[in-house]
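Chemist: Quick one, structure for this:
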Amino acid sequence: MSAGHALVERARKAALGAYAPYSGFSVGCAVESTDGEVAIGANMENACYRLGVCAEIAALTAAQQAFGLEKIARIAVSGGHVADGAIAGGILVTSCGGCRQSMLEAAQLSGRDIEIVSANGDGSETRTDRISELLPHGFGPANLKDAG
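Modeler: Got it, this is the predicted structure:
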C-alpha cells in the first residue's frame, strides 16, 4: 500500500467521525507530517449552516497542536455518505477555497509545495495536486513581507 493510499484510508476513517446530519455528506481529512505523524479531522455541521467546520480545518488545527503547520508534508481528503458503516461515493472530494487558503498558509510556513490527495468516498479513485496548482497566485504569509 502506497503512503498516499494509507493516508487516504486514514481520511476515509476520519470521515466516519463527521457530524453531518443536514447534508448527509461526511468528509474526513488526514494531515501527514514530515516525520510521518498523522493528524485527522472531520466536518462538523451546525443547524445554523454557516457555522459548520470543514474537515480540512479540523485536521489542520489538530496538526498544529500535534506537530506544527510548518511540518506538514501531505494532506488527504475523502468523503461521501455512510453506507454499512463505511464511507461510500464515487465523486472525488476536493477542498473548498477557504480550506485551500489554510493549506497555502501551511505550505508557505513550511517552504514546501504541499501535496494534496483528493479521493472519492470508497477510496478507489484519487487525484494528487500541489497546493500551488489548486491555489495559483495565492496570498499568504509570504505576501506580507512588505507589511510595516
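Chemist: per-residue confidence at the residue nearest the centre of the chain?
Modeler: The centroid of the chain falls nearest to Glu56 when counting by CA atoms, centre = their mean (3.6 Å). Looking at Glu56, its pLDDT reads 98.
Chemist: Show residues contacting the helix or strand where it lies.
Modeler: According to DSSP states H and E, Glu56 maps onto helix 55-66. For helix 55-66, the surrounding residues in contact (CB atoms under 8 Å, 6 or more residues apart in numbering) are 11, 14-15, 18, 27-31, 33, 37, 39-44, 69, 72, 75, 77, 79, 95, 98-99, 102-103, 106. From N, CA and C alone the C-beta is placed, and that goes for glycine too.
Chemist: Now with 6 Å, please.
Modeler: Applying CB atoms under 6 Å, 6 or more residues apart in numbering, the contact partners of helix 55-66 are Val27, Gly28, Cys29, Val31, Ala39, Ile40, Gly41, Ala42, Asn43, Ser95, Cys99, Ser102.
Chemist: Which residue is the nearest non-sequential neighbour of Pro141?
Modeler: Once flanking residues are discounted, Pro141 sits nearest to Gln108: 4.9 Å by CB to CB, 6 or more residues apart in numbering.
Chemist: tell me what the helix or strand where that neighbour lies is packed against?
Modeler: Assigned by DSSP H and E, Gln108 falls within helix 97-110. On a contact count with 3 or more CB pairs under 6 Å, 6 or more residues apart in numbering; DSSP states H and E, helix 97-110 meets helix 131-134.
Chemist: Show me what the helix it packs on is packed up against.
Modeler: helix 97-110.
Chemist: looking only at pLDDT, what's the mean for the helix or strand that the helix it packs on is followed by?
Modeler: Counting by DSSP H and E, the element after helix 97-110 in chain order, helix or strand, is strand 115-119. The pLDDT scores in strand 115-119 average 98.
Chemist: what's near enough to touch Ala18?
Modeler: Ser26, Ala42, Asn43.
Chemist: change it to 10 Å
Modeler: Counting by CB atoms under 10 Å, 6 or more residues apart in numbering, Ala18 touches 24-28, 41-45, 55, 58, 79, 82, 87.
Chemist: Just list what the longest strand along the chain packs against, helices and strands only.
Modeler: In the chain, taking DSSP state E as the definition, the longest strand is strand 72-83. For strand 72-83, the elements it packs on are helix 3-15, strand 26-33, strand 38-42, helix 55-66, strand 86-88, helix 97-110, strand 115-119, strand 126-130, judged by 3 or more CB pairs under 10 Å, 6 or more residues apart in numbering; DSSP states H and E.
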